[in-house]
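**Student:** Okay, predicted coordinates and the sequence, questions at the end:
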Amino acid sequence: NAGVTQTPKFQVLKTGQSMTLQCAQDMNHEYMSWYRQDPGMGLRLIHYSVGAGITDQGEVPNGYNVSRSTTEDFPLRLLSAAPSQTSVYFCASSYGQGGNSPLHFGNGTRLTVT
Amino acid sequence: DAKTTQPNSMESNEEEPVHLPCNHSTISGTDYIHWYRQLPSQGPEYVIHGLTSNVNNRMASLAIAEDRKSSTLILHRATLRDAAVYYCILRDVVGQNFVFGPGTRLSVLP
C-alpha cells in the first residue's frame, strides 16, 4: 500500500517556467488537498478537492491551478513560476472531509524558483 | 475556523513521558481534535484524534479536558525518534479544512 505518492521530490525552475507537481493516492480517498510550507512556518492550504470533478480554493491559491479528473490523482500546476513560490509542497488525502477522517500526507516536493 | 494555541518548543529527556498541551478555547461542539507530527524533511504524520473522550493508540494518548477547551498529547516514553514538530488542529464534522499553526517543536535529550 503506497499511500500518497508525490513526484518529483526536488525541482528547480527558472522564473516564468511552468510545471506540474504530481500527487496520487491508492486509498480510494475522496478528499485531496495541496499545502505549501515555507521555512519555519506551518502549512498553508492552496487548493482542495472533495471528489472527482470538484475543486476549490484554499488560503493561498494565486498562481496555482488544480484539476481532479480521477479519484486517485490531484495534480498541482504552476502556470508561470515566481521566486515567491519557492517552498515545500505537500499533498494530503482523507477518506472523507469530515472531522473523523485523518489526513494522510505525501513526503513532499521541494521546489526552488530562481 | 477555530484556532489552537501551542507552546513554541518543549524539551524532554529520553525514556520519560512527554505532555504536549494545546488550547482551543473557541472549539465548537462538532470539532474533532487532531494531532500530527512532522519529522525533519518529511511530510506530517497522523498521530491521533478524538472528539470528547480520551483516546489511546500505539503511538500516543490524547487527553481531552471535560470542557474541551484544551487537550494534551501524551507520549508515554519519549525516544530520540519522537523529536519533531507537533501540530494540534481542529476539524469539524462538516469538513472545514485543516488550519495548521506553527506547532510545538519537541526536542528529546539523550
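**Tutor:** Noted; the coordinates are in hand. The shown structure was predicted, so the numbers you read here are calculated from the model rather than taken from an experiment.
**Student:** Next, the buried residues of stretch B:53-61.
**Tutor:** For stretch B:53-61, the buried set under the neighbour-count rule, 16 or more other CB atoms under 10 Å in any protein chain shown, comprises B:55, B:60-61. Heads up, the C-betas are built off the backbone N, CA and C, glycines and all.
**Student:** repeat for stretch A:18-25
**Tutor:** A:21, A:23-25.
**Student:** so which of the buried residues of stretch B:53-61 comes closest to residue A:43?
**Tutor:** Among these, residue B:60 lies closest to residue A:43 (CB to CB), at 20.3 Å.
**Student:** touching chain A at all, the helix or strand of chain B with the lowest mean pLDDT?
**Tutor:** For chain B, counting by mean pLDDT, DSSP states H and E, strand B:84-92 ranks last in confidence among helices and strands (a mean of 92). Yes: against chain A, strand B:84-92 shows contacts by CB under 8 Å from any CB of the partner chain at B:87, B:90-92.
**Student:** which among those end up buried?
**Tutor:** By neighbour count, with 16+ other CB under 10 Å, the residues of strand B:84-92 next to chain A hold B:87, B:90-92 as buried.
**Student:** Select from the buried residues of stretch B:53-61 every entry located in strands.
**Tutor:** Those of these mapping onto strands are B:55, B:61, per DSSP state E.
**Student:** and of the buried residues of stretch B:53-61, the nearest to chain A?
**Tutor:** Here the nearest of the buried residues of stretch B:53-61 to chain A, counting by CB to the nearest CB, is residue B:55; it sits at 11.7 Å.
**Student:** State the distance from that closest one to residue B:65.
**Tutor:** Distance of residue B:55 to residue B:65, computed by CB to CB, to the nearest Å: 13 Å.
**Student:** Then residue A:47?
**Tutor:** 34 Å.
**Student:** same deal with residue B:39?
**Tutor:** To residue B:65, residue B:39 is 28 Å away according to CB to CB.
**Student:** what separates residue A:34 from chain B, distance-wise?
**Tutor:** Note on residue A:34: its distance to chain B, by CB to the nearest CB, to the nearest Å, is 11 Å.
**Student:** let me fix that: residue A:6
**Tutor:** From residue A:6 across to chain B, the span is 8 Å (CB to the nearest CB).
**Student:** which residue sits closest to that residue, ignoring its sequence neighbours?
**Tutor:** residue A:106 (3.7 Å; CB to CB, 6 or more residues apart in numbering or on different chains).
**Student:** And for residue B:64?
**Tutor:** Going by CB to CB, 6+ apart, residue B:64 has residue B:71 as its nearest residue, at 4.8 Å.
**Student:** Run through chain A and note the low-pLDDT ranges.
**Tutor:** Applying pLDDT under 70 to chain A flags residues A:1.
**Student:** so the residue most central in space within chain A is in which element?
**Tutor:** Geometric centre of chain A, nearest residue: residue A:34, 2.9 Å, by CA atoms, centre = their mean. Using DSSP states H and E, residue A:34 maps to strand A:31-37.
**Student:** Could you find the closest non-adjacent residue to residue A:21?
**Tutor:** Here the residue nearest residue A:21, using CB to CB, 6+ apart, is residue A:76, at 4.4 Å.
**Student:** Could you pull up the contacting residues of that neighbour?
**Tutor:** Residue A:76 sits next to A:20-21, A:23, A:34, A:46-47, A:64-66, A:89, A:91 when contact means CB atoms under 8 Å, 6 or more residues apart in numbering or on different chains.
**Student:** Good, we can wrap up now.
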